[in-house]
Structures are given as structure tokens and as C-alpha cells.
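> here's my sequence, what's the structure:
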Amino acid sequence: MIDYGNFKKALKHLELQFQNYQNPDNMSLPVITQEAVKESVIQRFETCCDCMWKVLKRYLKEDLGIPDVPESPKPVFRLAFVNNLLSSDMDFWLQYIDVRNGTAHDYSGEKAETALSLMSNFISDARRLYETMSGDKLDA
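Numbering: from 1, shown residues only. The predicted structure follows:
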């Protein structure tokens, strides 16, 4: 049986911190605190991406019975797309992985802004994937 707990926790933490980031009161915080919130969103995005693709890999093997599941994120998402597990276009998922890889060591500038601009869509897509795999409906 697949444990979805880490994926669920990572997704919930990302959602909460992204809400914190979007809070208009955030603008009244010191700049260093605003930067910390932004960096935290990106770190939680990275964690969520990592948990998500690893759980997806197990789901493809254990629940769908696919014997030769790749060992890296992009091929895993391509396989998930072929098996109708993803609710949005494959290009979005590949972009999420590229952005995750791009922010791994750089939370400033253009890479951070790109990640933050995708966050609402990523969260929605990740929620749907979680619900598809686990059968568990997440609270809004």
C-alpha cells in the first residue's frame, strides 16, 4: 500500500505558505522577512515536487502494474500522462520539473519569479493528482 502522507503534508505546507506569501499584509513586513517567505514557498514547492514524483512512480508500479517505471521525474510524468493521470497538458508538468530544477540553488531573480508565477496552477494540478492517486478528497 502506498503512503501518501508525505506528499499530502508537503502539498498542504506549500498551500499554507503560498497563502501567506499572497497575503496583502506581507507587504508591510520588513524586506528580509518578505524574502524569507518567498524562499520558503520555493523550498516547499521543491519538496512537494520531489514527494509527488516519487509517489507517482510508486503508483505507476504498484497500482497500475507498470513493470519498468523510469527513475527520473520527466519520464515518470510522461508515463503518467500516457496513462491519463494528469489533468493538465504535459507541457505544464515538464515546466514544473524544469522550474523545480532551476530553483534548486537559486531563489532570487527570474527563476524565483517564474516559480511563483506558476504556483497557483501547480498547486491545483498537484491537488488533482493527489486526489486521483489516493482517492482522498483534500479540503479546500
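
> drop to CA atoms for contacts and neighbour counts, all remaining ones
OK.

> packing partners for the longest helix belonging to the chain?
Assignment by DSSP state H gives helix 31-62 as the longest helix of the chain. Judged by 3 or more C-alpha pairs under 8 Å, 6 or more residues apart in numbering; DSSP states H and E, the packing partners of helix 31-62 are helix 5-22, helix 73-82, helix 90-103, helix 109-134.

> can you do 7 Å?
For helix 31-62, the packing partners by 3 or more C-alpha pairs under 7 Å, 6 or more residues apart in numbering; DSSP states H and E come out as helix 5-22.

> tell me where the model's unsure across the protein.
Across the chain, the ranges flagged by pLDDT under 70 are 107-108, 140.

> one step back: list the buried ones in the longest helix of the chain?
Residues of helix 31-62 classed as buried: 37-53, 55-60 (neighbour count, 16 or more other C-alpha atoms under 10 Å).

> R127: neighbour count?
20 (other C-alpha atoms under 10 Å).

> okay, it and V76: tell me how far apart.
Note on R127: its distance to V76, by C-alpha to C-alpha, to the nearest Å, is 17 Å.

> next one: D63
Counting by C-alpha to C-alpha - D63 and V76 are separated by 14 Å.

> P70 too?
Noted for P70: a distance of 6 Å to V76, by C-alpha to C-alpha.

> which of these two has more residues huddled nearby?
Using other C-alpha under 10 Å as the criterion, P70 and V76 rank with V76 on top: 19 against 15.
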